[in-house]
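Just the structure for this:
(2 chains)
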Amino acid sequence: MNGIHDMGGMQDLGPVQPEQNEPVFHAPWEGRVFAINIALGAWRKWNTDAGRHRIELIPPADYLRMSYYEKWLQRIIQLAVNAGLVTRDEIESGRPAQGSEKATPPFTPDRVALLQRTGAGARRDVPAEARFRAGQRVRARNIHPLGHTRLPRYARGKLGTIHLDHGVYVFPDTNSHFLGENPQHVYSVRFAAQELWGGEASPRDAVYLDMWDNYLDPA
Amino acid sequence: MSHHDHEHQAVPSDLTLRVKALESLLVEKGLVDRAALDALVDNYEHKVGPRNGARVVARAWVDPAYKQRLLEDATAAIGELGYGGAQGEHMVVVENTPAVHNLIVCTLCSCYPWSVLGLPPVWYKSSAYRSRSVIDPRGVLREFRLDLGAGVEVRVWDSTAELRYLVLPERPAGTENWSEEALAALVTRDAMVGVAKVPAPPKGATA
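This next block holds a predicted model:
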């Protein structure tokens, strides 16, 4: 989706403003929202890609206005309602629906250590054909899907060079919509800054993107 | 930074209440375990953070064989120091040299190597940084008071997939006999994202 989230290359979004001695969370509610997102994810009703797409679906004006964890709050409510974990009525009343059964939370305190040890990788140990090899010239596909994609607009249609093959990973464009993991090779692709941004860009500089097989054509 | 810029707008006062109500509902329904939420917050506030990455960098500076392993298979080499897991499952380390400067960004969302740097700062997730670091990395770096010469190649790494990036900064001059521990104390988060260099210690400082 050509949404506001795909902002690489925009120029009028203000100066970068680092904060000295920044806390991890700026208010306790931010930490709670962060933790709720992870803990509810353990129900496995959605996946990381679907979670990212939910944030992309926040209307552009809201997306720019809301703070980071406000977006996470909106996202988790939407995911939980869509998955049937809670109802809108329950969110609004703050109380479980009458007669609803109490569940057993899958994310227990001991899972934090596991999260830290192994996480949840997106790499898949399945055979998949590598259509490209290091050093090969490629062109990023000029696609504009209405759903989730990790191919930013600024790279579409551009010429690059395969830097290396990272191996086989879950394909977000399908996984985000529960259409299967469709594992395929992900490559690091080097794009010269001048190819992306024209002759004004530095002749030495480059942007590297990680791109799935389905994002590329031979050039 | 002020909390009132467009990335961190005046927080509606009802957010605390809304989140409390949501948490209570989820606990009552048995969907989340409150102690697990406490443990998650504690983990990212106190246990995982840029000191992890600093230890990786310092080890690479003092141990050439480790550095080699780190550049070839970062996930495994970082795992040797006990760091891994969420948002560090698939790591790549890129090395700064006098000729090459690396900068990490996620233009599409906020991907960041949690296992070695903790959760990202607000500026990293800001529209300003995400939008401009790919088209004008040198301008962004100047805002961080880092002015790179035209002879230096700037490589921007846009974290568009599940690979997470860490910059191995250059070891500053004047630290030749420093211990690994003292070196780790010099390494900053910003240097490991690539928006800064590791500053040289004051002349005469030893550790």
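
Contacts only, for the spatially most central residue of chain B.
Nearest residue to the geometric centre of chain B (C-alpha atoms, centre = their mean): B:L117, 4.0 Å. With contact taken as C-beta atoms under 8 Å, 6 or more residues apart in numbering or on different chains, B:L117 is in contact with B:G49, B:P50, B:N52, B:G53, B:L166, B:R189, B:M192, B:V193. Quick note: C-beta positions are derived from backbone N, CA and C, even for glycine.

and the second one, how many neighbours?
Summarising burial for B:P50: neighbours were counted as other C-beta atoms under 10 Å in any protein chain shown, giving 20.

Which parts of chain A are helices?
A:28-41, A:48-56, A:60-65, A:68-82, A:88-93, A:111-117, A:172-175, A:193-197 (DSSP state H).

how far out from the middle of the chain is the last one?
In terms of C-alpha atoms, centre = their mean, to the nearest Å, the centre of helix A:193-197 is set 24 Å apart from its chain centre.

buried stuff in it?
Under the neighbour-count criterion of 16 or more other C-beta atoms under 10 Å in any protein chain shown, helix A:193-197 has A:A193, A:E195, A:L196, A:W197 buried.

I'd like those residues laid out as TSV, including pLDDT.
Putting these into TSV (pLDDT from 0 to 100) gives the following:
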residue	pLDDT
A:A193	98
A:E195	98
A:L196	98
A:W197	98
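
Got phi/psi on B:V92?
The phi/psi pair for B:V92 (degrees, to the nearest 10) reads phi -130, psi 130.

And the pLDDT at it?
pLDDT for B:V92: 98.

what does the one 3 residues further on give?
At B:E95, the model reports a pLDDT of 98.

Mind telling me what element B:V19 is part of?
If you go by DSSP states H and E, B:V19 is part of helix B:15-28.

Which helix or strand lies directly C-terminal to that helix?
helix B:34-42.

Let me see the domain layout of chain A.
When chain A is parsed with automatic domain parsing, its domains come out as A:28-118, A:137-218.

pLDDT weak spots in chain B?
Counting by pLDDT under 70, chain B contains low-confidence ranges at B:1-13, B:206-207.

okay, the domains of chain A, which one's buried deepest?
Among the domains of chain A, domain A:137-218 has the highest mean neighbour count (mean count of other C-beta atoms under 10 Å in any protein chain shown), at a mean of 19.

Regarding that one, how distant is the last residue from the first?
6 Å (C-alpha to C-alpha, to the nearest Å).

distance between that domain and the chain's centre?
For domain A:137-218, the distance to the chain centre is 14 Å (C-alpha atoms, centre = their mean).

circling back: mind putting the helices of chain A into CSV with distance to B:R171?
Below are those laid out as CSV (distance: least, C-beta to C-beta, whole Å):
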stretch, distance to B:R171
helix A:28-41, 34
helix A:48-56, 35
helix A:60-65, 40
helix A:68-82, 33
helix A:88-93, 52
helix A:111-117, 28
helix A:172-175, 37
helix A:193-197, 27
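
weakest of those helices by average pLDDT?
Sorting the helices of chain A by mean pLDDT places helix A:111-117 lowest, at a mean of 88.

Can I get that one in CSV? Just the C-alpha atoms.
Provided in CSV are the C-alpha atoms of helix A:111-117 (Å, rounded to 0.1, in the frame of the first residue of the first chain):
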residue,chain,number,x,y,z
ARG,A,111,8.5,-16.6,28.7
VAL,A,112,10.5,-13.3,28.9
ALA,A,113,13.8,-15.3,29.3
LEU,A,114,12.8,-17.4,26.2
LEU,A,115,12.0,-14.3,24.2
GLN,A,116,15.5,-13.1,25.1
ARG,A,117,17.1,-16.4,24.3
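
Tell me the helices and strands packed up against it.
helix B:34-42 (3 or more C-beta pairs under 8 Å, 6 or more residues apart in numbering or on different chains; DSSP states H and E).

For the residue nearest to the centre of chain B, give me the backbone phi and psi.
B:L117 adopts backbone torsions of phi -120, psi -10, taken as degrees, to the nearest 10.

next one: A:G3
phi -100, psi 180.

and chain A, which of the contacts of B:L117 reach it?
On the criterion C-beta under 8 Å from any C-beta of the partner chain, B:G49 are the entries of the contacts of B:L117 that sit beside chain A.

mind listing what residue 172 touches?
If you meant another chain, say so; for now it's chain A. Contact analysis of A:P172 by C-beta under 8 Å, 6+ apart lists A:D49, A:R52, A:H148, A:T149, A:R150, A:W212.

nope, chain B
Neighbouring residues of B:P172 by C-beta under 8 Å, 6+ apart: B:L186, B:K197, B:V198, B:P199, B:A200, B:P201.

Can you name the two of the contacts of A:P172 that sit furthest apart?
A:R52 and A:W212 (14.6 Å; C-beta to C-beta).

what about B:D14, how many residues close to it?
Neighbours of B:D14 (other C-beta under 10 Å): 9.

Show me what the strand of greatest length in chain A is in contact with.
Using DSSP state E, we find that the single longest strand of chain A is strand A:159-169. Outside strand A:159-169, the residues that touch it by C-beta under 8 Å, 6+ apart are A:122-126, A:128, A:130, A:132-140, A:183-192, A:195, A:208-210, A:212, A:219, B:90, B:161-163.

For the closest residue in space to B:S127 that isn't next to it in sequence, give its distance to B:S126.
If the residues on either side of it in the chain are set aside, B:S127 comes closest to A:L13, at 4.1 Å by C-beta to C-beta, 6 or more residues apart in numbering or on different chains. According to C-beta to C-beta, to the nearest Å, A:L13 stands 8 Å off from B:S126.
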